[in-house]
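Asks: Coordinates for the following, if possible.
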Amino acid sequence: MNENNNYGGRISMSILAMAVIVYILKTLQHIFIPLTFAIFLSFLFQPINRFLRDKKIPIGVNLLFFVIIILFSFTVVGAVISTSITAFVDDFPKYENAITDMTKDFFTFIDMPFENVTSFLENKVNWFQIADKISLTRILSTTAGSFIDFFAKLLLTIAFLIFIMLDLEDLNKRFKAILSDDDFHLSEHITKKITTQINKYIVNKTAISLATGLLSMFFIAIFGIDFVVVSGLLIFILNFVPNIGSIIASSFPIIICFIQYGLSWQLIAISATLVTIQMLIGNFIEPRVMGKQLQLTPLFVLISLIFWYWVWGPVGMILAAPLTSAITIVLKEVPSFRLFTTLVSYND
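Replies: Residues are numbered from 1 along each chain as shown. Predicted coordinates for the structure are as follows:
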């Protein structure tokens, strides 16, 4: 009886502890998101850092090298995004007439005079209220706030990364001093496994996403559809979101094609082409390259996407797969969680 009570008490305490942890992660996401990125970057840079240390290069030079890589990468990505958004904003007004004509055709098709719709929009809709909500000042303020927030998180990520890299060697020595040999080897084994898995995931997923984006851009350009760079960029970024990201990204050039050409052969061609690319890469190439590196079942990946989106928003969806995989690797070494990890992941 006491054993059942103790077991039930441990489960209750575990559930309570997880609820508290989730609450803290959600409440302090402005701190934990940069910290998580910094931890992943430390895993990614660890082989290079180890190589540079073996060559007796000072830690300060190593850190400077990594900071330059991060800043250069974000500068390039930022320039591409900025150029793409500018091109999108400059070119989009020419679609206004096309959208208006399509709207007229739609209301004609359902036998409703477009003049009635125009009268309703002019007399019943409070355009001053809507204009206030989408005012240029507000848009600029929101954009500036988002840029400042992003820049602050980038600096915080770099700061976390520097302290992690500085403390990595000493942390390893401290663990070795306080843990038994078996526990230390176990922690070292888990760390190496997580490092290997995250490195392979980031490298392979980046290569696959880049190939998907470039291949999609090629066919989008071939069929004469506008916003080639914007479409490719969306496909590249959203391809990091498992299962649903590529579907969402592919819908953008299809919508643009529909507005640009209407129901035409271009629409059918680009839809079939993008769906084929996603199916070939997602169902054949990616499984062969990635294998079962994340060791997670598709259903649990979907559940983790929903959970991490609720906790950290869109960033959480990008981090969902590697983050959940790392947690699963740790839980696999705890006997009381073996049933859970068997349900949500594949065997090694």
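Asks: Let me see the ranges of the helices in the stretch 1-150 of the chain.
Replies: According to DSSP state H, counting those that start in this stretch, the stretch 1-150 of the chain carries its helices in the segments 2-27, 29-54, 59-91, 95-109, 114-123, 127-133, 136-178.
Asks: which stretch in the ones you listed has the least confidence?
Replies: The minimum mean pLDDT among the helices of the stretch 1-150 of the chain belongs to helix 127-133 (a mean of 48).
Asks: for stretch 255-275, which positions count as buried?
Replies: Neighbour-count burial for stretch 255-275 flags 256, 257, 258, 260, 261, 266, 267, 270, 271, 273, 274 (criterion: 16 or more other Cβ atoms under 10 Å). All C-beta spots, glycine's among them, are computed from the backbone N, C-alpha and C.
Asks: Secondary structure and distance to residue 325 added to those residues, as TSV?
Replies: Listed next are these as TSV, based on DSSP: H, G, I helix; E, B strand; the rest coil; distance: Cβ to Cβ, whole Å:
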residue	secondary structure	distance to residue 325
256	helix	35
257	helix	36
258	helix	37
260	helix	40
261	helix	42
266	helix	40
267	helix	38
270	helix	34
271	helix	33
273	helix	32
274	helix	28
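Asks: Turn those into CSV, columns for pLDDT.
Replies: Shown next, in CSV, are the buried residues of stretch 255-275 (pLDDT from 0 to 100):
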residue, pLDDT
256, 85
257, 87
258, 85
260, 82
261, 81
266, 87
267, 88
270, 91
271, 91
273, 92
274, 91
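Asks: Adding distance to residue 302 as columns, could you present those in CSV?
Replies: Below are the buried residues of stretch 255-275 laid out as CSV (distance: Cβ to Cβ, whole Å):
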residue, distance to residue 302
256, 28
257, 29
258, 28
260, 33
261, 34
266, 33
267, 29
270, 27
271, 24
273, 26
274, 22
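Asks: could you pull out the helices for the stretch 201-348 of the chain?
Replies: Secondary structure of the stretch 201-348 of the chain (DSSP H, counting those that start in this stretch): helices at 228-238, 245-261, 265-280, 286-290, 298-312, 314-332, 338-344.
Asks: and of those helices, who's closest to residue 41?
Replies: helix 314-332 (11.9 Å; Cβ to Cβ).
Asks: what angle sits between the closest one and helix 245-261?
Replies: 160 degrees (axes from the mean of the first three to the mean of the last three Cα atoms, to 10 degrees).
Asks: Format the CA atom coordinates belonging to helix 314-332 as PDB.
Replies: The C-alpha coordinates for helix 314-332 follow below in PDB (Å, rounded to 0.1, in the frame of the first residue of the first chain):
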ATOM      1  CA  PRO A 314       6.400  30.400 -34.200                       C
ATOM      2  CA  VAL A 315      10.000  30.100 -32.900                       C
ATOM      3  CA  GLY A 316       8.800  27.100 -30.800                       C
ATOM      4  CA  MET A 317       7.600  25.300 -33.900                       C
ATOM      5  CA  ILE A 318      11.100  25.600 -35.500                       C
ATOM      6  CA  LEU A 319      12.700  24.400 -32.300                       C
ATOM      7  CA  ALA A 320      10.100  21.700 -31.600                       C
ATOM      8  CA  ALA A 321      11.800  18.700 -33.300                       C
ATOM      9  CA  PRO A 322      15.400  19.100 -32.000                       C
ATOM     10  CA  LEU A 323      14.300  20.200 -28.600                       C
ATOM     11  CA  THR A 324      11.800  17.400 -28.100                       C
ATOM     12  CA  SER A 325      14.400  14.900 -29.400                       C
ATOM     13  CA  ALA A 326      17.000  16.100 -26.900                       C
ATOM     14  CA  ILE A 327      14.500  15.800 -24.000                       C
ATOM     15  CA  THR A 328      13.600  12.300 -25.200                       C
ATOM     16  CA  ILE A 329      17.300  11.200 -25.300                       C
ATOM     17  CA  VAL A 330      17.700  12.300 -21.600                       C
ATOM     18  CA  LEU A 331      14.400  10.600 -20.500                       C
ATOM     19  CA  LYS A 332      15.500   7.300 -22.200                       C
END
